[in-house]
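Engineer: My questions are about this predicted structure, shown below with the sequence.
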Amino acid sequence: MRIAVFGAGYVGLVTGACFAELGHDVVVRDVLEDRISTLQDAGMPIFETGLEELLERNRERMLFTLDVREAIEGAEFLFVAVGTPPTYSGDADLSAVWTVIDELPRDLDGDRPIIVMKSTVPVGTGALVRAALDARGLAGVGYVSNPEFLAEGSAIADFQHPDRIVVGAFEESDGDRVASLYAGIDAPVLRTSVPSAEMVKLASNAFLTTRVSFINEIANVCELVGADVSDVARGIGLDHRLGPHFLRAGIGWGGSCFGKDVSALKQLAGNSGYHFQLLAAVIEVNELQKRRPVIAKLERHLGTLRGRRIALLGLAFKPGTDDMRDAPSLVIAARLLAEGAEVSAWDPVADGRIHLHGVETAGSALEALDGVDAAVLVTEWPELRELDWAEAGARMRRRLIVDGRNMLDPVELRALGFEYEGIGRATE
Ligand code: UDX
């Protein structure tokens, strides 16, 4: 099969490369010249675990282009994997999706290609695209909603070993054709209407954030009553009705998807006259979680933060990616600077210089810790678990650590003379 993929972000590239690995010919099209020329020169425009090797392995089956005609030439499937960032109103910005649809030539319907929507879009978008295609004389072009569930850092594994494949189609035969593309993958295929498929994606992300905000609130209460949220989460997770996933308490959820998708679902409900109270609370809990616990803990130990030097260890919104979109690090850094603290920061891949004005970036974790009054573990990079914490402590002015991800062993650190604070963990 020949597949065109619109959008060379991590979803488009992972989707394209994984289909190439399954033996299909893939053309990836983007409007960003830099991105396409980097890919044409066998470079990597983004960091995603395993992607470079996957692209390298499938190079002869993949093309990268700026040209719509070249992308769609002979393609049976047109995957839309462009970004849908939030607008000021909290709705999803669909301009990149509409640009793809508007650019399709009128003579496209020769071989009945199918537009496959991977981008996360509001429920009802498929119907609007269908109507727009029909109005432009492209009634012969199919439309299928096939949302992605690719988490950054594990996107390739998520594509190759998914929990489910969701296919929502207007025409059953179009759904059959899209489902057949995944023939080599062992996963249940859920066939639904287009709006239901669109809702599965939004509701899944909303439910995941609900779980994280829930455990973060439990963590905050644990601190007040002397319980340990790690043990509590283990106890909850052993209940087969609840399961263990997405119960890691910390400094709030971030990333390019959660915030925008939860907000888009809340606004979608609001636009239809329904006030989604639960999601409003989930979002608010997260905003507070990013700005409150770390600062409060530092202040409890250090008093005013004015003139104090604080190191942020990890900047990416999670390990395995260089993505800092909506990362808790951005809020924590801004709050520390606003309180008058000096901030140093280190991340193995995320480039803090682009996003964090006023923060000194260091070449190593140990360098970031030189002379600081406290360290904040922001991203649970494995490198930080392996860090020589004795050496780290020797470099710090004060051995205070706020572990925003509950990754480190409090007993070990206290034995090294650290004051240790986790999130929702008992203090000494
Ligand atoms: C998410 C969804 O998981 C994926 O299915 C969707 O397609 C895109 O959005 P992603 O944003 O890459 O993926 O990351 P994910 O692993 O889900 O984590 C999101 C955020 O939640 C991170 O900031 C992470 O640190 C936080 N998180 C996650 C927690 O704080 N606690 C947890 O238990 C799990």
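Structural biologist: Nice, I can see it.
Engineer: So what touches stretch 119-135?
Structural biologist: By C-beta atoms under 8 Å, 6 or more residues apart in numbering, the residues outside stretch 119-135 that reach it are 7, 11, 80-84, 91-92, 94, 96-97, 101, 115, 117, 139, 141, 143, 145, 147-148, 168, 170, 194-195, 197-199, 201-202, 205, 257, 260-261, 264, 268. Placement of C-beta: from N, CA and C, glycine included.
Engineer: for the ligand, what are the nearby residues on the stretch 51-200 of the chain?
Structural biologist: Glu148, Phe149, Leu150, Ala151, Glu152 (C-beta under 6 Å from any ligand atom).
Engineer: ok, now with 5 Å
Structural biologist: Phe149, Ala151, Glu152 (C-beta under 5 Å from any ligand atom).
Engineer: quick one: which of the contacts of stretch 119-135 sit in helices?
Structural biologist: 11, 96-97, 101, 194-195, 197-199, 201-202, 205, 260-261, 264, 268 (DSSP state H).
Engineer: picking up where we left off before, possible to save the residues of the stretch 51-200 of the chain next to the ligand as a markdown table with neighbour count?
Structural biologist: Below are those laid out as a markdown table (neighbours: other C-beta atoms under 10 Å):
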| residue | neighbour count |
| --- | --- |
| Phe149 | 17 |
| Ala151 | 15 |
| Glu152 | 25 |
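Engineer: returning to what we had before: farthest-apart pair in the ones in helices among the contacts of stretch 119-135, please.
Structural biologist: Ile101 and Asn205 (23.7 Å; C-beta to C-beta).
Engineer: Could you pull out the strands in the stretch 251-400 of the chain for me?
Structural biologist: Here the stretch 251-400 of the chain has its strands, by DSSP state E, counting those that start in this stretch, at 309-313, 342-346, 360-361, 374-377, 400-403.
Engineer: now for the second one, which elements pack on it?
Structural biologist: What that stands for is strand 342-346. Contact here means 3 or more C-beta pairs under 8 Å, 6 or more residues apart in numbering; DSSP states H and E; on that basis strand 342-346 packs against strand 309-313, helix 328-338, strand 360-361, helix 365-368.
Engineer: what about these, which gets the closest to Ile295?
Structural biologist: Evaluated over the helices and strands packed on strand 342-346, closeness to Ile295 peaks at helix 328-338, with 5.3 Å, by C-beta to C-beta.
Engineer: List the buried residues for that closest one?
Structural biologist: For helix 328-338, a neighbour-count test (16 or more other C-beta atoms under 10 Å) marks Pro328, Ser329, Leu330, Val331, Ile332, Ala333, Ala334, Arg335, Leu336, Leu337 as buried.
Engineer: And for stretch 293-307?
Structural biologist: Neighbour-count burial for stretch 293-307 [16+ other C-beta under 10 Å]: Pro293, Val294, Ile295, Lys297, Leu298, Leu302, Leu305.
Engineer: any low-confidence regions in the stretch 1-150 of the chain?
Structural biologist: Counting by pLDDT under 70, the stretch 1-150 of the chain has low-confidence residues at 109-110.
Engineer: Return the nearest residue of it with respect to the ligand.
Structural biologist: Phe149 (4.0 Å; C-beta to the nearest ligand atom).
Engineer: you'd agree that residue is up against Ile165?
Structural biologist: No. If you go by C-beta atoms under 8 Å, Phe149 and Ile165 don't touch, sitting 9.1 Å apart.
Engineer: In the stretch 201-350 of the chain, mark out all the helices, start to finish.
Structural biologist: Listed in chain order, the helices of the stretch 201-350 of the chain (DSSP state H, counting those that start in this stretch) span residues 229-237, 258-271, 277-291, 293-302, 328-338.
Engineer: Those helices into TSV, with extra columns for distance to Val359?
Structural biologist: What follows is those, written out as TSV (distance: least, C-beta to C-beta, whole Å):
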stretch	distance to Val359
helix 229-237	29
helix 258-271	21
helix 277-291	16
helix 293-302	15
helix 328-338	5
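Engineer: of all those, which lies closest to Val221?
Structural biologist: From those, taking C-beta to C-beta, the stretch that ends up closest is helix 229-237, at 8.8 Å.
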